[in-house]
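1. Pasting the sequence and the predicted model now:
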Amino acid sequence: MALNNLLNPVMHRVERPRMFARELRFALLFLLAFFLLQYGYSASRGTAFEHLVIDVATVRPSAAMINLIAPKEQAQATGHRIVSPLGGLSILNGCEGTESIFLLLAAIVAFSAPWKHKLRGALLGTVFIYLLNQGRIVSLYFAAHYNRHWFDLLHGTIAPTLIIVLGCVFFLWWASRDAAVGNEPAYPA
């Protein structure tokens with residue numbers, strides 16, 4: 001015990017540079033992955049891929065959810081807009097939730113974990129953020145038509161912050177699952 005106490009400060013000094021190197025590696029990989037994802041998506045502006053992401057994968061399901069919740073709204077997906085007798089809501093580049101998905105994907109790619117675990121996290125995380133964003137759009141539609149003050153709060157502050165925080169919680173949950181998986185023996189007993 002006494003020898004352990006004497007060696008502890010020495011071991012701590014040896015571990016600190018390794019920890020810093022791991023953290024730096026994570027930060028650099030995270031920034032690189034996020035930049036590449038953002039750059040790649042930005043390059044798709046005006047293409048069929050952007051149309052697929054915004055009009056087909058974002059607007060159409062949102063309009064369907066609105067009608068499921070409140071059929072009297074008669075919401076219709078028209079290109080990048082959700083329109084109804086009460087008015088419309090435009091879903092533009094940046095409203096489709098890709099930045100939040102890219103943040104989560106960049107963190108997963110940068111994290112030191114087996115690729116199989118990263119792939120599961122990326123798929124599950126993408127679906128999670130996508131569903132959160134769909135809920136955000138539906139909430140914004142109702143707020144825009146029934147309480148403009150709430151629309152401004154939801155659009156500018158509450159919803160984006162909530163999605164980022166929940167994305168961080170997902171990442172922490174996913175990363176802790178990696179630690180749990182990593183503690184299992186490589187070969188079953």
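-> Sure thing, it's come through.
2. low-confidence ranges in the chain?
-> For the chain, applying pLDDT under 70 flags the ranges 1-17, 178-189.
3. and the residue nearest to the spatial centre of the chain, what is it in contact with?
-> The structure's the chain has its C-alpha centroid closest to I101; by CA atoms, centre = their mean the separation is 3.2 Å. Residues in contact with I101 (CB atoms under 8 Å, 6 or more residues apart in numbering) are 125-126, 129-130. In this view, the C-beta of every residue, glycine as well, is placed from N, C-alpha and C.
4. ok, so of the residues you listed, who is nearest A57?
-> Y130 (8.0 Å; CB to CB).
5. count of residues packed around the closest one?
-> Y130 has 18 neighbours, counted by other CB atoms under 10 Å.
6. Kindly reformat the contacts of I101 as TSV containing secondary structure and distance to I54.
-> Formatted as TSV, the contacts of I101 follow (DSSP: H, G, I helix; E, B strand; the rest coil; distance: CB to CB, whole Å):
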residue	secondary structure	distance to I54
G125	helix	20
T126	helix	16
I129	helix	15
Y130	helix	13
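7. Narrow those residues to those that are buried.
-> 125-126, 129-130 (16 or more other CB atoms under 10 Å).
8. Tell me how far L166 lies from I54.
-> 22 Å (CB to CB, to the nearest Å).
9. nope, G121 is what I was after
-> For G121, the distance to I54 - CB to CB - is 25 Å.
10. Which of those two has more residues huddled nearby?
-> G121 (25 against 21).
11. so who does that one touch?
-> Applying CB under 8 Å, 6+ apart, the residues near G121 are 108, 113, 174, 177-178.
12. which two in these are spaced the farthest apart?
-> Farthest pair in these, by CB to CB: I108 and R177, 11.5 Å.
13. The two: which has the busier surroundings?
-> A direct count of neighbours by other CB under 10 Å for I108 and R177 places I108 higher, at 26 against 15.
14. For that one, which non-adjacent residue is spatially closest?
-> Closest residue in space to I108, ignoring its immediate chain neighbours: G121 at 4.7 Å, by CB to CB, 6 or more residues apart in numbering.
15. Check the spacing between F111 and G121 real quick.
-> With CB to CB as the criterion, F111 and G121 are 8 Å apart.
16. could you pull out the helices for this protein?
-> Counting by DSSP state H, the chain has helices at residues 2-42, 48-51, 60-69, 98-110, 115-146, 148-153, 159-182.
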